[in-house]
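Enquirer: everything below, folded, please.
(one chain, ligands or ions: 1)
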Amino acid sequence: MKTIGLLGGTFDPIHLGHIRMAQAFKAQLTLDEMRLLPCHLPPHKATPARSSAQRLDMVRLALQALPELQVDARELLREQASYTIDTLAELREEQGSEVSLCWCVGMDSLVNLNRWHRWRELLDYGHLVVAARPGWSLPVEGEVADWLGRHRIEPQGLVERAAGGVVIAPLGLVDISSTQLREALSGRSLKAPLDWREQLPPTVYDYIEQQRLYR
Ligand code: ATP
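Expert: This is a model prediction of the structure:
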């Protein structure tokens, strides 16, 4: 079965954590496609000061040299908040029932999954694939943990069924977040990660300088 990986995010800014994660998901789970979907109005975060167009520009610049990853800008075309359930339903409609849709998130997103709009219905349209993220561990109690226990499958299941499973993928990832980068860029954090500049693709760093972002 064809498999499509989907990584939604604010990408404010996109960083190597996102890129490594997308590449690792694609390679280790042998996904046929991997798409990054910048969101328009993040339902769980304050509206970013960078415009949607600027965040999309940064994603495009970062992926220029990476033909294995694609941008899917559909959430920016919608006017209302970008709920994952709506995006997945739209993709399912487009792709038909014989394509496996794999919505990829970091562990921090899984922990807060019960705050997502219609979260239990996500598996009607696709799988959920979770990457370990430094500092976050698998929930062991509560409704997300119970739900996880009922729906967890092995990675192999992603090619056997179009939807319905949760996979916990043991990917070794970079410990960086957009929050840390915004702080480092604005010079506010004295404890900025040492090599923070290396956590940004050079084309994205140049764009940030050019547009005078995060000052
Ligand atoms: P912020 O610091 O602003 O919250 P972020 O770095 O978490 O941003 P988002 O654009 O919100 O970036 O993240 C999109 C997705 O990528 C989320 O599912 C998040 O869990 C995941 N993610 C981001 N950075 C990492 C990382 N370093 N390791 C694993 N997952 C990550």
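Enquirer: so where's this protein uncertain?
Expert: Low-confidence segments of the chain (pLDDT under 70): 41-48, 188-194.
Enquirer: around the ligand, pick out the residues from it.
Expert: 9-12, 17-18, 21, 105-106, 108-109, 131, 133, 173-174, 176-179 (CB under 6 Å from any ligand atom). The way it works is simple: take the backbone N, C-alpha and C, and place the C-beta from them, glycine included.
Enquirer: what's the PyMOL line that selects buried ones from those residues?
Expert: Only the buried entries of the residues of the chain next to the ligand go into this PyMOL selection, using 16 or more other CB atoms under 10 Å:
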select buried, resi 9+10+11+12+17+18+21+105+106+109+131+133+173+174+176+177+178
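Enquirer: in strands, which of the residues of the chain next to the ligand fall?
Expert: Within the residues of the chain next to the ligand, residues falling in strands by DSSP state E are Gly9, Val105, Gly106, Ala131.
Enquirer: just the closest of the residues you listed to Ala81, please.
Expert: Gly9 (14.7 Å; CB to CB).
Enquirer: who does the closest one bridge with?
Expert: Pro38 (DSSP bridges).
Enquirer: which residues touch it?
Expert: Neighbouring residues of Gly9 by CB atoms under 8 Å, 6 or more residues apart in numbering: His18, Leu36, Leu37, Pro38, Cys39.
Enquirer: closest one of those residues to Gly96?
Expert: Gly96 has its nearest neighbour among the contacts of Gly9 in Leu37, at 19.3 Å by CB to CB.
Enquirer: name the residues that touch stretch 69-85?
Expert: Against stretch 69-85 from outside (CB under 8 Å, 6+ apart): 6, 8, 19, 22-23, 26, 33-43, 52-53, 56, 59-60, 63, 86-87, 90, 103, 116-119, 121-122, 125.
Enquirer: now it: buried residues?
Expert: Leu69, Val71, Asp72, Ala73, Arg74, Glu75, Leu76, Ser82, Tyr83, Thr84, Ile85.
Enquirer: now the residue in the chain that the ligand sits nearest to. Nearest residue, chain neighbours left out?
Expert: Scanning the chain for the residue nearest the ligand gives Gly106, at 2.2 Å (criterion: CB to the nearest ligand atom). Among residues not flanking Gly106 along the chain, Arg133 sits closest, at 4.1 Å (CB to CB, 6 or more residues apart in numbering).
Enquirer: the helix or strand in which Phe25 is found - contacts with which helices or strands?
Expert: For Phe25, the host element (DSSP states H and E) is helix 16-28. Applying 3 or more CB pairs under 8 Å, 6 or more residues apart in numbering; DSSP states H and E, we find helix 16-28 packed against strand 2-9, strand 33-38, strand 99-106, strand 127-131, strand 166-169.
Enquirer: how does it look with 7 Å?
Expert: Judged by 3 or more CB pairs under 7 Å, 6 or more residues apart in numbering; DSSP states H and E, the packing partners of helix 16-28 are strand 2-9, strand 33-38, strand 127-131.
Enquirer: any idea how far the closest residue to Leu213 other than its chain neighbours lies from Asp57?
Expert: Closest residue in space to Leu213, ignoring its immediate chain neighbours: Arg50 at 5.9 Å, by CB to CB, 6+ apart. Here Arg50 is placed at a distance of 9 Å from Asp57 (CB to CB, to the nearest Å).
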